[in-house]
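> Predicted model and sequence follow; I will ask about them next.
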Amino acid sequence: MRESDLALDDAARAELAAFQHALAVDSTQDWALSVPVPARGCAVFVADAQRAGRGRRGRAWQTDPQGALAFTVSRRFGLPPARLAPLGPAAGVAVARALAALGLGTVRVKWPNDLVVDDAKLGGILIEARGDAVAIGIGVNLDVAAMPHLGQPWTDLRRAGCGEGDRARVLGALLRGLLPALASFERDGFPVFAAEWARFDALAGRPVRVLAGGAALEGVALGVEADGGLRVRHADGERVHHAGEVSVRVAA
Ligand code: BTN
């Protein structure tokens, strides 16, 4: 795959400093973090197959090499940790917006950044920072034979009725949405994304179970906070939970 296959527009091209494609790597995330991050703009690393793809919370991310898109965008953010914290939900909104523009009107984001259709996992986002380099790894199921390791309902773009799921077409659409969105996140912060969260929120108003350590707390999800946390109404009052500290399941 070449950059010219992606049909990028001027806004995305202005943000793209480097594009690398490989047939197979261990993880595009590790690849992106093993090389210097551009001084400005984004570097994009895409692989047809990952031998040791990684998901959130230390899980493996194994996908069918023929049927999934796996890529990482790396970039510097000149932001203090508190302003960088909501990048996960912001990236979720940007990717969901791009998938909706491709025709997938049913895509939703399950906080903090799982991509779902009717509660079935379509893809996910893994964000890792090393110094001032940030790697945003994205996996999207295009036409997957099986996801035996996942342990939860899953879907793909073909099953969700969104075209052929051609890898370059989908990657191009995601980069057209994501690259300018990352620049806007750095410049203007989370508020614009927070305002759009409600359009894609998979949990709003639903009963959820918040898991932290060994404990499980029942509640009702109330949307995202300005700091990217999930606001939940529990029996004893409202609380804001933060990614990395808890995981959240739909309760019923
Ligand atoms: C999740 O657990 O939901 C996040 C999945 C993120 C997977 C992507 S695939 C491209 C990039 N490389 C990796 O090793 N992981 C991310």
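Received the coordinates, thanks. Numbers count the residues shown, from 1 in each chain.

> what about the chain, any weak spots by pLDDT?
Scanning the chain for pLDDT under 70 picks out 164-165.

> Can you tell me the element the closest residue to the ligand within it falls in?
Per Cβ to the nearest ligand atom, residue 124 is where the chain lies closest to the ligand, at 2.0 Å. From N, CA and C alone the C-beta is placed, and that goes for glycine too. Element membership for residue 124, per DSSP states H and E: strand 120-130.

> Tell me which residues of that strand come out buried.
For strand 120-130, burial by neighbour count (16 or more other Cβ atoms under 10 Å) applies to 121, 122, 123, 124, 125, 126, 127, 128.

> Just the CA trace of the following helix or strand past it, in CSV.
Using DSSP H and E, the helix or strand that follows strand 120-130 in sequence is strand 133-141. Taking Å, rounded to 0.1, in the frame of the first residue of the first chain, the C-alpha atoms of strand 133-141 are listed here in CSV:
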residue,chain,number,x,y,z
ALA,A,133,5.9,10.8,21.6
VAL,A,134,2.3,9.5,21.6
ALA,A,135,1.3,6.3,19.6
ILE,A,136,-2.3,6.0,18.7
GLY,A,137,-2.9,2.4,17.6
ILE,A,138,-6.1,1.5,15.8
GLY,A,139,-7.5,-1.9,14.9
VAL,A,140,-10.7,-2.1,12.8
ASN,A,141,-12.3,-5.4,11.7
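
> Strand 133-141 packs against which elements?
The contact analysis (3 or more Cβ pairs under 8 Å, 6 or more residues apart in numbering; DSSP states H and E) places strand 133-141 against helix 28-33, strand 68-76, helix 87-101, strand 120-130, helix 167-188.

> Parallel or antiparallel, list what pairs with it.
strand 68-76 (antiparallel), strand 120-130 (antiparallel) (DSSP bridges).

> okay, the strand holding residue 124 in PDB with CA atoms only?
The C-alpha trace of strand 120-130 is given here as PDB (Å, rounded to 0.1, in the frame of the first residue of the first chain):
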ATOM      1  CA  ALA A 120     -20.500  -5.800  19.300                       C
ATOM      2  CA  LYS A 121     -16.800  -4.800  19.100                       C
ATOM      3  CA  LEU A 122     -15.800  -3.400  15.700                       C
ATOM      4  CA  GLY A 123     -12.400  -2.200  16.700                       C
ATOM      5  CA  GLY A 124     -10.400  -0.500  19.400                       C
ATOM      6  CA  ILE A 125      -7.800   2.200  20.100                       C
ATOM      7  CA  LEU A 126      -4.700   1.800  22.200                       C
ATOM      8  CA  ILE A 127      -2.900   5.000  23.200                       C
ATOM      9  CA  GLU A 128       0.600   4.900  24.600                       C
ATOM     10  CA  ALA A 129       3.000   7.800  25.400                       C
ATOM     11  CA  ARG A 130       6.800   7.600  25.600                       C
END
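
> Helix 167-188 and that one, what's the angle between them?
Orientation note: strand 120-130 sits at an angle of 50 degrees relative to helix 167-188 (axes from the mean of the first three to the mean of the last three Cα atoms, to 10 degrees).
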